[in-house]
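Asks: Have a look; sequence and predicted model below, questions after that.
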Amino acid sequence: MLVYFRGFDRIEEARTEEKRLKGGSRKQKEKLIEEVNREWVDLWEQIKDW
């Protein structure tokens with residue numbers, strides 16, 4: 001289930017964000033998800049055709 005995603009213009013930006021997220025706690029990750037997707041809806045349908 002996809003509950004969070006962000007788009008980036010440059011791969012370097014995406015990698016930096018991925019490392020930042022991986023270094024964070026689960027509680028921080030849950031807070032980030034709830035800021036953009038409070039209901040934890042599966043977002044796959046929004047991006048599957050990119």
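Replies: Right, received. Where do you want to start? Residues are numbered from 1 along each chain as shown.
Asks: switch to C-alpha atoms for all contacts and neighbour counts from now on
Replies: OK.
Asks: Residue 4 is in contact with residue 43, isn't it?
Replies: Yes. Between residue 4 and residue 43 there is a contact under Cα atoms under 8 Å: 7.2 Å.
Asks: which of the two has more neighbours?
Replies: The residue with more neighbours, out of residue 4 and residue 43, is residue 4; 18 against 14, by other Cα atoms under 10 Å.
Asks: Distance of the more buried one relative to residue 11?
Replies: 17 Å (Cα to Cα, to the nearest Å).
Asks: number of nearby residues for residue 35?
Replies: Residue 35: 11 neighbours (other Cα under 10 Å).
Asks: check which helix or strand covers it.
Replies: Taking DSSP states H and E as the definition, one finds residue 35 inside helix 26-36.
Asks: Likewise for residue 38?
Replies: Counting by DSSP H and E, residue 38 is part of no helix or strand.
Asks: Got the phi and psi for it?
Replies: phi -50, psi -40 (degrees, to the nearest 10).
Asks: Residue 49 versus that one, what's the distance?
Replies: Taking Cα to Cα, one finds residue 38 at 23 Å from residue 49.
Asks: Which one's more surrounded, those two?
Replies: Counting neighbours by other Cα under 10 Å for residue 38 and for residue 49 shows that residue 38 has the greater number, 12 against 6.
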